[in-house]
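Novice: below are the sequence and a predicted model for it; my questions follow.
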Amino acid sequence: MSVVGAVAPPFAFALADLASSSPRRSASLLLKMIDADGALAVVQDADSGEFSRPPALQFSLGSDVLCLSGDGASALLMSPTGSVCRIGRHDFASGREQWVSVPSSTWVPRAAAMVDPGMAAVLAETWDASDPEDADGAAVITMVNLETGHCEAIYSAPGWPAAESTVTVSPDALYIAATYAALPDDPDEVYSHTIVVDLRGRLLRHLRGAQIVPQGNTGWLNRSHVACELSTADGMPEPELAAIDVFSGRRRPLRSSWRRPIARIGDRFLFEPTQPTGTGPRLETVALRGEDWTPFLTVEEPSLIMHVDVAAVNR
């Protein structure tokens, strides 16, 4: 059984009973959810296993929680400021926040991962505001120094970050993998592209028709392999997940399933089974090869879990 933080599952909570507090030291899980009152963020304390709703992470108009840091000690936030937005790091233990401005009003963060406590890799959408014909834009990986605000775009490609897009940092913090969307030759189809670059943006691997799963910190299975969902020539997902060696390009099947994992904890994928209408979400884990389904989390009220981020220390 996989252990999250210091406590073993299964877990359960009622949203109405959650305290408005932050983890004392670090978080093991971040859940972005929607209930009858709107969007909310829930975290699990890595030491006690208790779930709470940190006030600093709750959503307002245009704001978002981009990711949990790899060590679980902080979260990366996005907040609108006039025509542009800011991104900032919120430290759970101290409550301290450090905010920096983004490059321009035409640079919009869509996903992010922490390379280290002072540096974030941000997958952003950008476009040319002076060119009304520039409707396609580009997907850009930008390194953002969270102390100085210095931003450096290290990789750019025609396309855009879609809802399923992600960016994730290898366990040794030497490589960045990201998935973005782009139009193929047939304008009626949209393909996922996954690229792997080093911290300077030098391309190591370009995987067409591949999408990193799950999103967030645990897309890397180890320092050399990413987990991807593959697509056929017509852009439809294959019923198979594969571990891809980013150095050799070799692919190893993981398991067959039409369901996409929403996170990985150790050597187990996290899935949300189909739920009866009117019930709260329920999560289960399963071994990477598809055996041993085990209850993981139950939320008592009707609600939706939109995204799960796991501190990379659990991978």
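Specialist: Received, thanks. What you see is a predicted model, and the numbers here were worked out from it, not measured in a lab.

Novice: could you list the low-pLDDT ranges of the stretch 151-300 of the chain?
Specialist: Across the stretch 151-300 of the chain, the ranges flagged by pLDDT under 70 are 185-189, 232-239, 255-258, 275-278.

Novice: ends of stretch 254-270, what's the gap?
Specialist: 14 Å (CA to CA, to the nearest Å).

Novice: please, where are all the strands along the stretch 51-200 of the chain?
Specialist: Counting by DSSP state E, counting those that start in this stretch, the stretch 51-200 of the chain has strands at residues 51-52, 64-68, 74-81, 84-91, 97-101, 107-116, 119-126, 138-145, 151-158, 166-169, 175-182, 191-198.

Novice: want to throw those into a markdown table with mean neighbour count?
Specialist: The way it works is simple: take the backbone N, C-alpha and C, and place the C-beta from them, glycine included. Listed next are the strands of the stretch 51-200 of the chain as a markdown table, based on neighbours: other CB atoms under 10 Å:
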| stretch | mean neighbour count |
| --- | --- |
| strand 51-52 | 22 |
| strand 64-68 | 24 |
| strand 74-81 | 19 |
| strand 84-91 | 19 |
| strand 97-101 | 15 |
| strand 107-116 | 22 |
| strand 119-126 | 23 |
| strand 138-145 | 22 |
| strand 151-158 | 16 |
| strand 166-169 | 28 |
| strand 175-182 | 24 |
| strand 191-198 | 21 |
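
Novice: would you mind giving these as a markdown table with distance to Arg260 added?
Specialist: Shown next, in a markdown table, are the strands of the stretch 51-200 of the chain (distance: least, CB to CB, whole Å):
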| stretch | distance to Arg260 |
| --- | --- |
| strand 51-52 | 24 |
| strand 64-68 | 18 |
| strand 74-81 | 23 |
| strand 84-91 | 27 |
| strand 97-101 | 33 |
| strand 107-116 | 16 |
| strand 119-126 | 18 |
| strand 138-145 | 20 |
| strand 151-158 | 23 |
| strand 166-169 | 12 |
| strand 175-182 | 12 |
| strand 191-198 | 12 |
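
Novice: and Pro273, which of these is closest to it?
Specialist: Pro273 lies closest to strand 51-52 among the strands of the stretch 51-200 of the chain, at 20.1 Å (CB to CB).

Novice: run through who's touching the closest one.
Specialist: Identification of contacts with strand 51-52 by CB atoms under 8 Å, 6 or more residues apart in numbering yields Phe11, Phe13, Leu18, Ala19, Ser20, Ser21, Ser22, Pro23, Val42, Val43, Gln44, Asp45.
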